[in-house]
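[1] Pasting a predicted model and its sequence here:
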Amino acid sequence: MNRFLPLVLSPFLSRQVQGFLAAGGLATLFHWLVMAALIVAGLEPTLATASGSISGATLNYGLQRRLAFQNAGPHRSTLWRYMGSCFFAWLCNLISFFLLNNLLALSVPLSQVVTTGLVAALNYLVYQRLVFHEQTR
């Protein structure tokens with residue numbers, strides 16, 4: 001899969017950013033699928049996105065270590081930092097989605113797309129500086 005990334009993503013992005021985007025994209029797709037299934041099943045959208053984000057975060061850890069942050073420290077330290085960052089990201093996702101969907105009355109899909117973009121940018125900074133301690137090249 002790593003050989004495929006440069007063909008799909010811009011050659012102007014570092015391999016770390018390409019891996020982050022690929023891993024995050026797959027995890028986000030999983031988040032959205034879980035969220036959509038829960039909404040179809042009758043769950044309120046804010047609760048559905050909260051549940052979906054937990055599902056995506058679970059998948060994301062292994063993908064990030066494999067695709068973006070291959071030189072990260074041992075799991076015993078990175079996993080705990082990752083779990084803390086996930087709680088922070090989960091809270092940001094929940095608050096952003098609630099504000100966009102309930103207070104600004106944006107549609108569920110638009111609220112989630114905007115929220116995902118905001119949380120993804122925040123996650124990259126947190127992963128790079130606090131969770132996996134990777135240096136950019």
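    Right, received. Where do you want to start?

[2] Which other helices and strands does the longest helix along the chain contact?
    In the chain, taking DSSP state H as the definition, the longest helix is helix 15-40. Judged by 3 or more CB pairs under 8 Å, 6 or more residues apart in numbering; DSSP states H and E, helix 15-40 is in contact with helix 5-8, helix 45-67, helix 108-126. Any C-beta I mention is one placed from the backbone N, CA and C, and that applies to glycine too.

[3] Nearest to residue 23 among those helices would be which one?
    helix 45-67 (3.5 Å; CB to CB).

[4] coming back round to it: which of the residues in the longest helix of the chain are buried?
    16-24, 26-28, 30-32, 34-36, 38-39 (16 or more other CB atoms under 10 Å).

[5] If you rank every helix and strand of this structure by mean pLDDT, what lands last?
    One helix or strand of the chain scores below all others by mean pLDDT, DSSP states H and E: helix 5-8, with a mean of 50.

[6] average model confidence for the longest helix of the chain?
    The pLDDT scores in helix 15-40 average 93.

[7] quick check: angle from it to helix 45-67?
    150 degrees (axes from the mean of the first three to the mean of the last three CA atoms, to 10 degrees).

[8] now helix 15-40, how far from the centre of its chain.
    6 Å (CA atoms, centre = their mean, to the nearest Å).
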